[in-house]
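*Asks:* fold the stuff below for me.
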Amino acid sequence: MKRHPVTENEPPYADLRPRERVRQYLKSEFERPEITVGCRLPTVRKLAKHLHVSVPTVHAVFQELVEEGRIRTEVGNGTFLISPQVPKSGEFRLALNMHLEQGPGLDTWAMHIGAGILKATLQAPQSIHLMSVSKQIEKSADLRKALRDRIAQVDGMILFPFERTFGLDEEYERAGKLVLHVNPPSEMATENFVAADYFGASRLIGETWRQTGRRNILLLIAPSLQDSISSRLRYAGLVNGLGADVGGEVTLKVHETIDWGYEPVGYRIGKDILSQWKWRPDAIYCGGDLLALGVVRALVEGGVRVPEETSVIGGTGLSLRDSAFPQLTHMHQPCEKIGESLISMMCRRLEAKGASMPGIYLPAPFSGGGTTRPEENAILRIDESTYGML
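*Replies:* Okay, the predicted model is just below:
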């Protein structure tokens with residue numbers, strides 16, 4: 001990693017007070033043309049020795065510069081120069097990792113968020129230039145390489161939760177680039193993300209099925225619990241809503257599928273439920289709407305009465321007007337609002353000289369209502385006038 005040099009022939013500014021001596025020295029170093037964003041600063045002890053000041057004095061100046069957004073300190077890793085302000089050109093270059101070959105459901109979800117990003121960008125007080133990562137990316141590994149190659153060319157990044165991008169936020173932030181996430185990067189994350197409230201909506205689903213007597217619950221998700229924060233939040237919320245009945249009166253099973261968002265995948269799983277599974281769910285929560293549509297089609301073809309015998313809920317919030325079941329009960333993710341909120345948060349980070357912002361979970365209400373019973377819709381708060389029974 002490139003290091004910021006301590007130049008032995010620099011004057012120690014002996015005529016200044018110790019604290020001002022440190023600040024003046026660092027200011028002159030920051031302005032040197034060969035010093036770039038992401039350079040590691042010399043250690044506190046090395047600077048103190050070079051400038052003939054105490055270690056606490058250097059510590060105090062470093063803390064001031066952190067608060068000003070000029071440097072970033074990482075425990076055990078060092079202190080780095082960052083650039084908290086819009087580039088001199090006045091244009092903030094913002095990259096997106098929208099690799100649109102993830103599957104129809106995920107691509108549509110990402111495009112709706114992208115529409116919100118574009119709308120907010122056009123209305124933003126700052127001049128923001130959206131940059132594509134690459135027009136020719138075939139593999140996820142190539143996407144990661146392209147994102148790394150972009151570090152020097154952009155000022156910020158919005159990271160969608162696609163595979164092989166984990167850890168890139170740290171590399172970007174270390175280089176002084178502002179990063180925001182679509183969905184939290186971890187269950188414990190509290191800053192710099194915007195997401196639908198997967199946990200809260202899934203908890204309501206669990207409460208609904210517990211109160212209405214559903215006893216065999218299936219969670220059909222992609223990506224897997226291991227690979228997806230949103231999948232884990234869905235699972236945690238559903239378990240929380242089902243409460244102490246899980247493992248007793250209520251059976252909860254999780255089925256993971258690799259192919260995210262395809263209706264044929266849901267259809268195949270629905271057929272397997274009817275023909276191969278010994279255990280029959282009476283309520284199915286699908287991470288994607290297209291998966292749910294496939295499941296519903298297979299159940300109906302197999303003679304299962306939906307929603308009387310089996311309740312089905314999707315979790316994306318896509319437009320289903322042209323589908324076979326436009327009244328599918330589904331969690332409505334406010335995708336465009338997520339995109340708009342990301343740009344608003346990025347603008348606030350710029351105004352705050354790079355300071356992190358609290359993460360945002362946006363409400364995710366339910367719509368449709370045709371694949372859940374009226375008493376279920378009452379708890380999910382779906383207006384009965386909006387659905388028709390299948």
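*Asks:* just the pLDDT for the closest residue to residue 343 other than its chain neighbours.
*Replies:* Nearest residue to residue 343, sequence neighbours excluded (C-beta to C-beta, 6 or more residues apart in numbering): residue 120, at 3.5 Å. Backbone N, C-alpha and C define where each C-beta goes, glycine included. Note on residue 120: pLDDT of 96.
*Asks:* now do residue 390
*Replies:* According to the prediction, residue 390 has pLDDT 44.
*Asks:* now do residue 10
*Replies:* 50.
*Asks:* right, and the helix or strand after the helix or strand harbouring residue 269?
*Replies:* Using DSSP states H and E, residue 269 sits in helix 263-275. For helix 263-275, the following helix or strand on the C-terminal side (DSSP H and E) is strand 283-286.
*Asks:* partner strands of that following strand and their direction?
*Replies:* According to DSSP bridges, strand 283-286 forms sheet pairs with strand 216-221 (parallel), strand 311-314 (parallel).
*Asks:* would you mind saying which of those strands lies nearest residue 44?
*Replies:* When the strands paired with strand 283-286 are compared by C-beta to C-beta, strand 216-221 sits nearest residue 44, at 47.6 Å.
*Asks:* which residues are contacting the closest one?
*Replies:* For strand 216-221, the external contacting residues (C-beta atoms under 8 Å, 6 or more residues apart in numbering) are 206, 209, 228, 231, 234-235, 238, 242, 250-257, 266, 269, 273, 279-287, 291-292, 295.
*Asks:* surely residue 254 is in a helix?
*Replies:* No - counting by DSSP: H, G, I helix; E, B strand; the rest coil, one finds residue 254 to be strand, located in no helix.
*Asks:* okay, and the beta partners of the residue lying closest to it once chain neighbours are set aside?
*Replies:* Take residue 254 and drop its neighbours on the chain: the residue closest to it by C-beta to C-beta, 6+ apart is residue 219, 4.8 Å away. Under DSSP bridges, the beta-bridge partners of residue 219 are residue 254, residue 285.
*Asks:* how many other residues sit next to residue 219?
*Replies:* Using other C-beta atoms under 10 Å, residue 219 is surrounded by 25 other residues.
*Asks:* mind checking pLDDT for residue 298?
*Replies:* Residue 298 carries a pLDDT value of 97.
*Asks:* spit out the contact partners of it.
*Replies:* Neighbouring residues of residue 298 by C-beta under 8 Å, 6+ apart: 266-271, 273-274.
*Asks:* pipe those into a markdown table and attach pLDDT per row.
*Replies:* Compiled in a markdown table, the contacts of residue 298 are given as follows (pLDDT from 0 to 100):
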| residue | pLDDT |
| --- | --- |
| 266 | 94 |
| 267 | 95 |
| 268 | 95 |
| 269 | 95 |
| 270 | 96 |
| 271 | 97 |
| 273 | 96 |
| 274 | 96 |
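*Asks:* in the helix or strand residue 121 falls within, which of the residues would be classed as buried?
*Replies:* Using DSSP H and E, residue 121 falls within helix 104-123. Neighbour counts over helix 104-123 (16 or more other C-beta atoms under 10 Å) mark 105-110, 112-114, 116-118, 120-121 as buried.
*Asks:* would you list these in a markdown table and tack on distance to residue 173?
*Replies:* Output for the buried residues of helix 104-123, formatted as a markdown table (distance: C-beta to C-beta, whole Å):
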| residue | distance to residue 173 |
| --- | --- |
| 105 | 30 |
| 106 | 26 |
| 107 | 27 |
| 108 | 30 |
| 109 | 26 |
| 110 | 23 |
| 112 | 27 |
| 113 | 21 |
| 114 | 23 |
| 116 | 23 |
| 117 | 20 |
| 118 | 24 |
| 120 | 22 |
| 121 | 21 |
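*Asks:* quick one: the strands in the protein?
*Replies:* Secondary structure of the chain by DSSP state E: the strands cover 71-74, 78-81, 91-96, 127-131, 156-159, 178-182, 193-196, 216-221, 251-256, 283-286, 311-314, 329-331, 360-362, 366-367.
*Asks:* CA atoms only: put the first one into PDB for me.
*Replies:* These are the backbone C-alpha positions of strand 71-74, laid out as PDB (Å, rounded to 0.1, in the frame of the first residue of the first chain):
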ATOM      1  CA  ILE A  71      -8.200  11.900   7.400                       C
ATOM      2  CA  ARG A  72      -9.500   8.400   8.400                       C
ATOM      3  CA  THR A  73      -8.000   6.400  11.200                       C
ATOM      4  CA  GLU A  74      -8.300   2.600  11.300                       C
END
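*Asks:* what comes up buried for it?
*Replies:* 71-72.
*Asks:* likewise the fourth one?
*Replies:* Buried positions in strand 127-131, judged by neighbour count with 16+ other C-beta under 10 Å: 128, 130.
*Asks:* can you say which of the strands of the chain is nearest to residue 145?
*Replies:* Of all those, strand 91-96 sits nearest to residue 145, with 13.6 Å by C-beta to C-beta.
*Asks:* low-confidence ranges, the protein, go.
*Replies:* For the chain, the stretches flagged by pLDDT under 70 are 1-12, 31-38, 67-69, 82-90, 99-106, 133-144, 163-166, 259-261, 384-390.
*Asks:* closest to residue 168 out of the buried residues of helix 104-123?
*Replies:* Residue 168 lies nearest to residue 110 out of the buried residues of helix 104-123, by C-beta to C-beta, at 16.8 Å.
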